[in-house]
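J.: give me a 3D structure for the following:
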Amino acid sequence: MTESEQGEQLLCFRTGESHCFRMRCRVILLKSESLSSVVVGEQTDMTAQSVNNWIKRFELAGIKGLHPRLG
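T.: Residues are numbered from 1 along each chain as shown. Okay, the predicted model is just below:
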């Protein structure tokens, strides 16, 4: 993750409109620090599988992939 992307994630984590969105941003930030999915899950009250799912969505869609889906 570039410094610019990391800065964007940090801003989203601090100012995101929902708790869920902020936690998803936090997942990305923690994983960028080379923490394992298990450790990130423990810090965000998610399973390692959920952490991995959010990482995949971020890789596919960027920050937009972390927003709640409509419907």
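
J.: burial of residue 58, as a residue count?
T.: Using other Cβ atoms under 10 Å, the number of residues around residue 58 comes to 21. C-beta: built from backbone N, CA, C; applies to glycine.

J.: in the helix or strand where it lies, what's buried?
T.: Using DSSP states H and E, residue 58 maps to helix 48-61. By 16 or more other Cβ atoms under 10 Å, the buried positions in helix 48-61 come out as 50-52, 54-55, 57-58.

J.: export those to a markdown table and tack on pLDDT and distance to residue 33?
T.: Below are the buried residues of helix 48-61 laid out as a markdown table (pLDDT from 0 to 100; distance: Cβ to Cβ, whole Å):
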| residue | pLDDT | distance to residue 33 |
| --- | --- | --- |
| 50 | 98 | 18 |
| 51 | 98 | 13 |
| 52 | 98 | 16 |
| 54 | 97 | 15 |
| 55 | 96 | 13 |
| 57 | 96 | 19 |
| 58 | 93 | 15 |
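
J.: got a list of contacts for the helix holding residue 58?
T.: 24, 27-28, 31, 36-38, 40-41, 44, 46, 65-66 (Cβ atoms under 8 Å, 6 or more residues apart in numbering).
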